[in-house]
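K.L.:
Pasting a predicted model and its sequence here:
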Amino acid sequence: MDIIKLACTHQHSLTYCYGGGRRCCEVCGEETSGASYTCRSCNGWLHDSCAKELQHLPQEILFHPLHSQHQLKYLRFDLNWDFICDGCLCISAGSRYNCSLCNFNLDLTCASLADDPIPVQEWRTSLKKTIQHYSHYDKLTLFKYRKIKEDDYTCSWCEKRLSDSDVCYGCIDDGIFLHEGCIKKIPRKIKHPFHDHPLLLQYASIDECQACGELTFSSFSPCYVCQSQSCKFRLDFRCSKLFPTLKHECHPHLLTYFANITSDYQIWRFRCHVCCGLCGDNFYRCVECKYNFHLQCLSLSSSAIHKNHRHPLVLVDSFKEDDSEEYYCDICENERNRTHPVYYCEKCTFIAHVECVLHKDTSEEVAWSVPQSMDEALSEMEMEQAITDDGQYLERPLVHDHYMKFYRAVEKVRKEPYCSGCLLILRGPGYICPNCPAFLLHEKCAKLPEKRQHPFHSTHPLNLYAILPGGENYIICDECRDISLGFIYFCEECNFKLDIKCAHINVSRPKDHEKERATLLDHFTHHHQLILVNSSDRKNYIECKICELSILGPAYFCPRPNCYRFIVHESCLGLPQKIKLPFHLDHMLVLSSSPYSYIKSQCYACSLSFSRSTNHWDNVGYSCEQCDIKLHSVCAGYLRLPLKRDTHEHNLYYFGTFCQRLFARYKRESDTNFYCNKCRKNCNGKPFYRCLQCAIVFHLECVPIPRMVKSGCHLHPLVLKDSFVEDDSGEYYCDVCEEERRGNDHVYYCEECNGLFVAHIECALAKVQMVISYLDPIASSTSGSDYSDLDPTANSTSGISDYSDFDPIANSTSGSDCSDLDPLDELEEVQGRSAESH
């Protein structure tokens, strides 16, 4: 008896045996008949050939050719855990090699082929690996089906079993699988016999399906929704494929057959209208009257005779004549569901729908109409937009769940009038939701067409989305590269997106700025590649993951959904990876990103927490690997120059405007205040000096910092200014230490040289020869100071961004009064000027 120990695929020794019976191999999933290995502790089985191939696989694989950027770790699962192998794109089950950072999986066979590349087949090159389809919340992944279990997967649309080598799209976690051909057959809008109004496939509030009564958790799985809000009709994805087909004398309406009802909630809900007993998992139902009937209570004849067949027909619960997965009625010649009851000829292969056998003379049945096929009944229809507009209130479920009220001048009733659709300033006529005060729309944005053909993407029509499926992430417009959370036009087949601004124009904007920047970037703060985007969203606060300040302008972003909106300023990527600061000269401080090490940690400089909210988990900051010291990246940037004054025994450090903006963000979520240790008044909203050892702060006036000095670094007297920007280059330097300085922080400035000499406070005071005057003492009016002038959300007119100077569109309207202009009309003017220039 042979006993082997696998390097990684099993923790116990395996015993050789012959004849595994109907056991499945943990590697390939096939039955282990013949020579095999078994684990008596886990009752696991391996083919002899599979065990020998995998005997030398390691616990970890570094630099695998299919995923060289990260290591792959072996994970052991039982065969109930299915996954799509990213190597061969086939369905696999059980143990695998996994990269947790990228959610990348390789089955053990592909992992063992490190030296032999997997051949690329034609179907892989012609189809996208992932698509975002309106029929499911998450992205669907391309795969080729292979049978690995006794039970086969079933297509969620045609309900046929997947067969070997079928090319499909699916979501393993939610059990959604679709043939590649069925993807294009799913209509977004239908006219269904169950309801008089058009139904649109969308994500709506939680409600129950009007056909089967099952709760529809539409925020994750869409359902067909009536576009009249007063109607509230919902039809889940499965019931949308059911049709009333049976005309019976016991009821005036057509009856629909319901089968495979497995939910306990549904089974106990449905009772037969005749006998009052539970209907079980299959029955006939009138959706309009909500009446249910057992098959036996309908008195369906157990046998019948039809003019199209010479033999008697027998009623059976279901019938499957072969494994083709295509079954047809021999009377109407339309496709039938193999799980539904049929009339069957025992002497030959004649099979027919129940309704086709019972409706012997259809010419007399003029009051009902049965769809001839699923594709015919659910074909996408060209219908008028479902908009109810009475001049004062607008109802449009595709755009918003609630009624919206019309205002002729929105800016008079809202402090921050930014449109939730195009994210531009809203002045003039528009709509406001009474239930959601932050939801505002231009009149044009509220009535956008739900489908349009656009010259930027002429291949397919684009569909309007107020919320993108799987949209916990930001949306990137494929035309302008703007990142936002507004409305989009989306092509599901090509994953092409247009924001509303770009959908309103027909001429592409010049992209000269992209030539100067890398569109793809690898950076040590993140484990995935970052892409270049632009942020012009003034409505929603888009926060940099490094400095935690708002972003308006160029930025780099990780598009992977599991990275929780990782986006950073372009300038923040230039921060050094390692620094040494005067208060901690023994060790280097390293800039790094760690999901857990910063949780419930405090910044050593400002004493504020890193994690302010549950979604702010991927903190980036400076830390000492030997000591328990962590710093906000913004705070670390202000600790390079210590100031020594006779009024305090320790060094003081300047906390400038960027720090105050960071503190303003904390102020909105917690009671964050800094009080001067000398005057006991609030320092919030203005730069101050802080002692790290004593954890106390001082106003500049209370340090005190001189207003005017004579310094040995310059021949003229120097005057303290709260900021100084000599040009628009964005790069400013101290003329003493020649190190970079921030243009909006305090500096000493030479008036006689007209700004040709500028110095840090610390550099100028280090060589001070005479103090000419001091700053005035703090006035009592400043004691109530807060962060309102620095909080980006506190005053919409003061500029939302911390980086508005870098916003490419910020200066275009800042000098003009646009109260009488519609931003979408302005885009038309831009389009006209662009056309003339071309």
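P.N.:
Great, that's in hand.
K.L.:
When you work out contacts or count neighbours from here on, use the C-alpha atoms and nothing else.
P.N.:
Will do.
K.L.:
And residue 49, which helix or strand is it part of?
P.N.:
When elements are assigned from DSSP states H and E, residue 49 belongs to helix 48-53.
K.L.:
Quick check: next helix or strand after that helix?
P.N.:
strand 60-61.
K.L.:
So which residues make contact with that following strand?
P.N.:
71-74 (CA atoms under 8 Å, 6 or more residues apart in numbering).
K.L.:
top of those by neighbour count?
P.N.:
For the contacts of strand 60-61, the largest number of neighbours (other CA atoms under 10 Å) sits with residue 72, at 25 neighbours.
K.L.:
Quick check: that one vs residue 401, distance?
P.N.:
To residue 401, residue 72 is 44 Å away according to CA to CA, to the nearest Å.
K.L.:
Ok, residue 773 next?
P.N.:
63 Å.
K.L.:
Which one's more surrounded, these two?
P.N.:
Using other CA under 10 Å, the more surrounded residue of residue 773 and residue 401 is residue 401, with 15 against 12.
K.L.:
How about the secondary structure of the more buried one?
P.N.:
Under DSSP: H, G, I helix; E, B strand; the rest coil, the three-state class of residue 401 is coil.
K.L.:
Just the pLDDT at it, thanks.
P.N.:
Here the pLDDT value assigned to residue 401 is 77.
K.L.:
hmm, back to that, which of the contacts of strand 60-61 sits closest to residue 661?
P.N.:
Nearest to residue 661 among those: residue 71, at 39.2 Å, using CA to CA.
K.L.:
got any ranges where the stretch 551-700 of the chain has weak pLDDT?
P.N.:
Low-confidence segments of the stretch 551-700 of the chain (pLDDT under 70): 561-562, 564, 594-600, 611-618, 668-671.
K.L.:
ranges for the helices of it?
P.N.:
For the stretch 551-700 of the chain, the helices defined by DSSP state H, counting those that start in this stretch occupy 633-637, 657-667.
K.L.:
Residue 549: which of those helices is closest?
P.N.:
Going by CA to CA, the one of these nearest residue 549 is helix 657-667, 6.3 Å.
K.L.:
Return the helix or strand in this protein with minimum mean pLDDT.
P.N.:
Sorted by mean pLDDT, DSSP states H and E, the helices and strands of the chain end with helix 810-813, the least confident at a mean of 34.
K.L.:
quick one: residue 725 and residue 743 touch, right?
P.N.:
Yes: here residue 725 lies in contact with residue 743, judged by CA atoms under 8 Å, at a distance of 5.2 Å.
K.L.:
Which parts of the chain are helices?
P.N.:
For the chain, the helices defined by DSSP state H occupy 48-53, 108-111, 122-126, 264-267, 354-358, 374-377, 443-446, 500-503, 633-637, 657-667, 761-765, 810-813, 823-837.
K.L.:
Go through these and find the least confident stretch.
P.N.:
Mean pLDDT is lowest for helix 810-813 out of the helices of the chain, coming in at a mean of 34.
K.L.:
sorry, back to before: CSV for the contacts of strand 60-61, including pLDDT and distance to residue 552?
P.N.:
Shown next, in CSV, are those (pLDDT from 0 to 100; distance: CA to CA, whole Å):
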residue, pLDDT, distance to residue 552
71, 85, 36
72, 88, 37
73, 87, 39
74, 82, 42
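K.L.:
Show only the entries of those residues found in strands.
P.N.:
Of the positions in the contacts of strand 60-61, 72-74 sit in strands, assigned by DSSP state E.
K.L.:
if we take the contacts of strand 60-61, which one ends up nearest to residue 319?
P.N.:
Nearest to residue 319 out of the contacts of strand 60-61 is residue 74 (CA to CA; 44.5 Å).
K.L.:
burial measure for the residue nearest to that closest one when sequence neighbours are not counted, as a count.
P.N.:
Nearest residue to residue 74, sequence neighbours excluded (CA to CA, 6 or more residues apart in numbering): residue 97, at 4.4 Å. Neighbours of residue 97 under the rule other CA under 10 Å: 22.
K.L.:
returning to what we had before: return the closest of the contacts of strand 60-61 with respect to residue 46.
P.N.:
Checking the contacts of strand 60-61 one by one against residue 46 (CA to CA), the nearest turns out to be residue 74, at 16.8 Å.
K.L.:
any idea how far that closest one is from residue 664?
P.N.:
Residue 74 sits 45 Å away from residue 664, going by CA to CA.
K.L.:
How about residue 337?
P.N.:
For residue 337, the distance to residue 664 (CA to CA) stands at 62 Å.
K.L.:
Mind checking which of those two has more residues around it?
P.N.:
Taking neighbours as other CA under 10 Å, residue 337 and residue 664 compare with residue 664 leading, 26 against 19.
K.L.:
how near is the more buried one to residue 674?
P.N.:
11 Å.
K.L.:
One more: residue 448?
P.N.:
Residue 448 sits 49 Å away from residue 674, going by CA to CA.
K.L.:
ok, the two, which is more surrounded?
P.N.:
Neighbours per residue, other CA under 10 Å: of residue 448 and residue 674, the larger number sits with residue 674, 18 against 15.
K.L.:
how many neighbours does the residue nearest to the more buried one when sequence neighbours are not counted have?
P.N.:
Among residues not flanking residue 674 along the chain, residue 683 sits closest, at 5.4 Å (CA to CA, 6+ apart). By the measure other CA under 10 Å, the count of residues near residue 683 is 26.
K.L.:
Looking at residue 176 now. What's its pLDDT?
P.N.:
pLDDT, residue 176: 86.
K.L.:
who does it bridge with?
P.N.:
residue 171 (DSSP bridges).
K.L.:
That one and residue 170 touch, don't they?
P.N.:
Yes: if you go by CA under 8 Å, residue 176 and residue 170 touch, sitting 5.3 Å apart.
K.L.:
For the nearest residue to residue 623 once chain neighbours are set aside, give its distance to residue 525.
P.N.:
Using CA to CA, 6+ apart and skipping residues adjacent in sequence, the residue nearest residue 623 is residue 630, 4.3 Å away. Going from residue 630 to residue 525 by CA to CA gives 15 Å.
K.L.:
what's the answer for residue 626, then?
P.N.:
Taking CA to CA as the measure, residue 626 falls 20 Å from residue 525.
K.L.:
So which bits of stretch 407-420 are buried?
P.N.:
Within stretch 407-420, the residues that count as buried by 16 or more other CA atoms under 10 Å are 407, 409-411, 416-420.
K.L.:
Ok, which of the helices of the stretch 551-700 of the chain comes nearest residue 272?
P.N.:
Residue 272 lies closest, by CA to CA, to one member of the helices of the stretch 551-700 of the chain: helix 657-667, at 60.3 Å.
K.L.:
Now find how far off-centre that closest one is within its chain.
P.N.:
Its chain's C-alpha centre and that of helix 657-667 lie 28 Å apart, by CA atoms, centre = their mean, to the nearest Å.
K.L.:
counting contacts, what elements does that helix pack onto?
P.N.:
Secondary-structure packing of helix 657-667 (3 or more CA pairs under 8 Å, 6 or more residues apart in numbering; DSSP states H and E): helix 633-637.
K.L.:
what's in contact with the helix it packs on?
P.N.:
With CA under 8 Å, 6+ apart as the contact definition, helix 633-637 has outside contacts at 546-547, 591, 605-606, 620-622, 655, 658-659, 662.
K.L.:
Across the sheet, point out what pairs with residue 543.
P.N.:
residue 550.
K.L.:
What about it, how many residues nearby?
P.N.:
Residue 543 is flanked by 18 other residues according to other CA under 10 Å.
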